[in-house]
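Trainee: mind folding the following:
(one chain, ligands or ions: 2)
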Amino acid sequence: MKIVKFGGSSVANAANILRCINIVKNKKSPVIVVVSALGGVTDLLQLAANQASKKEEAYHENYEVIAHRHLDIVRELIPVNQQAGILSNVLRKLNELETLLQGVFYLGELSLQTKDVILSFGERLSSFLIGEVLIAQGENCCSVNCRELIKTNNRFGKAAVNFDVTNTIIRQYFAKNNCDYYIVPGFVAESEDKFITTLGRGGSDYTAAIIAAALDLEEVEIWTDVSGIYTANPKMVKQAQVIENINFQEAMELSHFGAKVLYPSALEPILPKNITMLIKNTFDPEAKGSVVSNKAHNEGCNPIRGISNIDKIALLTLEGLGMVGVVGIARRLFEVLSHNEINVIFITQASSEHSICFAISEGEAVKAERLINEVFQFEIQQGKVKPIAVEFDLSIVAIVGDKIKGHQGLSGKMLSVLGRNNVNICAIAQGASERNISVVISHKDVKKALNTLHEAFFEEAVVQLNLFVMGVGNVGGKFLEQIEHQYAYLKNNLKINVRVVGMANSKKMFFNEEGIDLTDYKDDLASGVPVSQEAFLEQIKVLNMRNSVFVDNTANTEVAMTYASYLRNSIAVVTCNKVACSSDYAYYKLLRDLSRKYNAPFLYETNVGAGLPIIDTLKNLVASGDRVKEIQAVLSGSLNFIFNNFDGKLPFDQIVHQAQVEGYTEPNPKIDLSGIDVLRKLLILMRESGYVVEEKDIAVDSFLPEACLKAETVEEFYQSMKDNAAHFEALYNKAQEQEARLKFVATYKDGSAKVGLQFIGKEHPFYNLEGKDNIVLFFTDRYQEQPLLIKGAGAGAAVTASGIFADVIRIGNKLN
Ligand SMILES: NC(=O)C1=CN([C@@H]2O[C@H](COP(=O)(O)OP(=O)(O)OC[C@H]3O[C@@H](n4cnc5c(N)ncnc54)[C@H](O)[C@@H]3O)[C@@H](O)[C@H]2O)C=CC1
Ligand SMILES: N[C@@H](CC=O)C(=O)O
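Mentor: Ligands and ions are numbered 1, 2, ... in the order given. Below is the predicted model of the structure:
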């Protein structure tokens, strides 16, 4: 004999019922088929009953929906010539239901006992219909009256089964009947006083388990709408996988903590008898499913079997100095909850006994608050205990596994991955069984927490980075191109999965939680919504994704001023925009402090020398105790390019334009030519060397004529260069006369810093600096005679983008 149980979604409509019948008929008979109510009907019955008890006429509309759903199934699945008798039976049951609801409406009262009768109609109707469909198909099928089979006490709503009586009745029933199929309504039972009772949440699974245990069957099949118990809720975690084998305790723990595939009560009868439970998908019968058994599973070495969550939780804290060492506080607290049937999901108590903290379902929090404050009224008046504190909008997330107890560092790992992603933990508990570690967190963080933990415990090999890219121009565009090109390499070789989730330019912003397709992001971006810095950050906060990185590829001050908000939300910042690090020292310091405080990387390697490893090298020098005493550098790729190419033949402004077209200048080339860009870079190098300096501490010796300096727009700037062509020619000629080359040099020595154009002679190491190259010489305590020298291409979209890319990979490597 076999036993299978179909959940509500499996029997939600005619098509699904036929699927179930197909599954059943593929099994060797006899088969006991336990069914739930049609999907959604129990909720509708509950709603209608509540509405009726509040004298809301709307209950009738819900009743009508219930009636039609069942009548439709008769019409769709029973041949017309056989419908009459079945329809009249269904209508009789529906009339009974309607009369009951009317009674509740007139009385304005709904007892638990009446509610059980109303709810029982769901399973009674579904089982009757499914039995009749099988009979109509010519099968030898018995419809079992579950009230005769399962006997309980009178605790309506969640009756306790009398196993002695029930087991005997079940054995006798199946011994004396000889059907191929037995259709049993789940969830419903009868008290010894002959009242209808129900078995509580997950009652149909429980019914199947009770029958399987009574008959000593080998296995119970639970057919549902998912392919088994997953490592996490697959609706929240895309990478969740089915757990093919799991033991009873782990399954119990996971289901207690919200894995809704089965309810812990369903395991109780089968656990002592070692009956296996198989969880299968009605909509994918070929999928393997999950086997729940009493076997220990040692395959692999992952001590965590799954991660689950319970939402809509409230956390209540009773605290006060008057609690310390006083016997009976906990008893009084939990007694009042128990007397009022308030289920406690999670408890933790500080060893100081100064407070007890526990979690219950949010819907019961207001009632619990009132009851507890009444119980402790005296202590509260005396100031010994504070009125109970209630926090709403919380969830519990638990990691579960039998082998947790044998592994060190799992709670540390759990807390650190959550902390790194800015998930605040309100309370922590590790069950005495050490089979789970659970934390209470804000509901808004649940998805992120589940994904982060899943990544850490199940996908350790690959870390996911979620990028939000501001600025997709010259540099930003190349950056996206490089990501697209390197995506597979990063995933396969570095185990970093880079996904661009949001992007913006100065007009529009666009988000796609699944990752933007970088092959044609331009259309997506054009279809986006108007950008604002606040809205961009807000959307990132709403998405609340793990390992989020904000990448600034603009030259914009407003954008630079948002970094603090990102870091405060534990969102890493990578930037090639020099404005933030060269603004007030206080802001630069704040950003570095926030980065440390919120464990959110703040990386800006490309601020000096584009893709050259200048800042990282400097950081390492300083961190290892070296001291920078002198800096000599050519830090402008565009100016180096311009003076290398200006030979007095082509006008100066045309060479500048060429540098801009090649992508070496700032969006506004005046920033380069006025020396501001180089000043910013020197300022950043000095700050990275440990000096507290401001912009005003660096002297700028500009080579631009007054008119160029006064130009307000890019067009005006070009015009002014054209107008002053003679000035630039004169500079060139003077250099020629001195057999020198023009280089825009940045220097720092003995507390004095300056930037300006210099005539560099042949003997100088800067003389042969080619194209758009940069060079920097660091004279330090350790590099006294021979400076540390870094040289190479210092401007250009591709090299800059690769510098930004390197910063992003640094973040990924740190997480891996
Ligand atoms: N070109 C180079 O060699 C190097 C450039 N950089 C830096 O790269 C940054 C970008 O330079 P390019 O790509 O050449 O500039 P670009 O002008 O080509 O691109 C700037 C992008 O930022 C966007 N943007 C501007 N203001 C914005 C705002 N308020 N909100 C949203 N988006 C905004 C623009 O729409 C555009 O997509 C600059 O900060 C520059 O200093 C750094 C190192 C080297
Ligand atoms: N405009 C800059 C580019 C890099 O910062 C330069 O010319 O060096």
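
Trainee: for the closest residue to ligand 1 within the chain, what are its contacts?
Mentor: Nearest to ligand 1, among the residues of the chain, is G473, at 2.0 Å (CB to the nearest ligand atom). Bear in mind the C-beta positions are built from the backbone N, C-alpha and C, glycine included. Counting by CB atoms under 8 Å, 6 or more residues apart in numbering, G473 touches N505, N553, T554, P667.

Trainee: how many neighbours does L415 have?
Mentor: 15 (other CB atoms under 10 Å).

Trainee: likewise for L543?
Mentor: Residues near L543, counting by other CB under 10 Å, number 16.

Trainee: the residue nearest to it when sequence neighbours are not counted in helix, strand or coil?
Mentor: The shortest distance from L543 to any non-neighbouring residue, by CB to CB, 6 or more residues apart in numbering, is to E513 (6.1 Å). Of the three states, E513 takes coil according to DSSP: H, G, I helix; E, B strand; the rest coil.

Trainee: quick one: E513 and V501 touch, right?
Mentor: Yes. Using CB atoms under 8 Å, E513 is in contact with V501, at 6.2 Å.

Trainee: average pLDDT for the helix or strand containing C357, rounded please.
Mentor: Using DSSP states H and E, C357 falls within strand 355-361. Averaged across strand 355-361, pLDDT comes to 92.

Trainee: buried set for it?
Mentor: By neighbour count on 16 or more other CB atoms under 10 Å, the buried set for strand 355-361 is S355, I356, C357, F358, A359, I360, S361.

Trainee: looking at those residues, spot the one nearest I78.
Mentor: Set against I78, the nearest of the buried residues of strand 355-361 by CB to CB is S361 (41.1 Å).

Trainee: hey, where'd the helices end up in the stretch 601-750 of the chain?
Mentor: Secondary structure of the stretch 601-750 of the chain (DSSP state H, counting those that start in this stretch): helices located at 614-623, 637-645, 652-661, 670-673, 676-688, 706-710, 714-723, 725-737.

Trainee: select, out of the ones you listed, the one closest to ligand 2.
Mentor: Ligand 2 lies closest to helix 637-645 among the helices of the stretch 601-750 of the chain, at 3.1 Å (CB to the nearest ligand atom).

Trainee: now that closest one: buried residues?
Mentor: Residues of helix 637-645 classed as buried: G637, S638, L639, N640, F641, I642, F643, N644 (neighbour count, 16+ other CB under 10 Å).

Trainee: now the first one: closest residue in space that isn't a chain neighbour?
Mentor: What it means is G637. The shortest distance from G637 to any non-neighbouring residue, by CB to CB, 6+ apart, is to A795 (2.4 Å).

Trainee: off-centre distance for the helix or strand where N95 lies?
Mentor: Per DSSP H and E: N95 is located in helix 83-107. Here the centre of helix 83-107 is set off from its chain's centre by 46 Å, with CA atoms, centre = their mean, to the nearest Å.

Trainee: check stretch 591-601 too.
Mentor: In terms of CA atoms, centre = their mean, the gap separating the centre of stretch 591-601 from the centre of its chain is 21 Å.

Trainee: low-confidence ranges, this structure, go.
Mentor: Scanning the chain for pLDDT under 70 picks out the ranges 256-260, 296-301, 351-353, 431-433, 460-461.

Trainee: so which elements touch whichever helix or strand K522 is part of?
Mentor: Assigned by DSSP H and E, K522 belongs to helix 521-526. For helix 521-526, the packing partners by 3 or more CB pairs under 8 Å, 6 or more residues apart in numbering; DSSP states H and E come out as strand 496-504, strand 508-511.

Trainee: got the residues of the chain near ligand 2?
Mentor: When proximity is defined as CB under 6 Å from any ligand atom, the chain approaches ligand 2 at A610, S636, G637, S638, Y664, T665, E666, D672, D677, G794, A795.

Trainee: how about the helices of the stretch 51-200 of the chain, start to end?
Mentor: Going by DSSP H, counting those that start in this stretch, the stretch 51-200 of the chain shows helices at 59-77, 83-107, 112-136, 146-149, 163-176.

Trainee: would you map out the domains in this protein?
Mentor: 2-217, 304-458, 463-610+804-815, 615-792 (the TED database).

Trainee: for the last one, measure first residue to last.
Mentor: Okay, so that is domain 615-792. Distance between the two ends of domain 615-792: 14 Å, counting by CA to CA, to the nearest Å.

Trainee: so how far is that domain from its chain's centroid?
Mentor: Relative to its chain's centre, domain 615-792 lies at 46 Å (CA atoms, centre = their mean).

Trainee: could you do the third one as well?
Mentor: Its chain's C-alpha centre and that of domain 463-610+804-815 lie 18 Å apart, by CA atoms, centre = their mean.

Trainee: endpoint to endpoint, that domain covers what distance?
Mentor: Start-to-end, domain 463-610+804-815 (CA to CA) is 7 Å.

Trainee: likewise for the first one?
Mentor: With CA to CA applied, domain 2-217 spans 7 Å between its terminal residues.

Trainee: show me what the longest strand seen in the chain is packed up against.
Mentor: Looking across the chain with DSSP state E, the single longest strand is strand 306-319. In terms of contacts (3+ CB pairs under 8 Å, 6+ apart), strand 306-319 is packed against helix 248-256, strand 344-349, strand 355-361, helix 365-375, strand 389-400, helix 446-458.

Trainee: other residues contacting the third one?
Mentor: Just to be clear, that refers to strand 355-361. Outside of strand 355-361, the residues within contact range by CB under 8 Å, 6+ apart are 312-320, 323, 329-330, 333, 337, 342-350, 368, 394, 396, 427, 440.

Trainee: filter the residues you listed down to the buried ones, ChimeraX style.
Mentor: Applying 16+ other CB under 10 Å to those, the buried members can be selected in ChimeraX as follows:
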select :313,314,315,316,317,318,319,320,323,329,330,333,337,342,344,345,346,348,349,368,394,396,427,440
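
Trainee: let me know the secondary structure of the closest residue to T282 other than its chain neighbours.
Mentor: Closest residue to T282 apart from its sequence neighbours, by CB to CB, 6+ apart: S10 at 4.0 Å. The three-state assignment at S10 reads helix, by three-state DSSP.

Trainee: count of neighbours near S10?
Mentor: Residue crowding around S10 was assessed by other CB under 10 Å; the count is 25.
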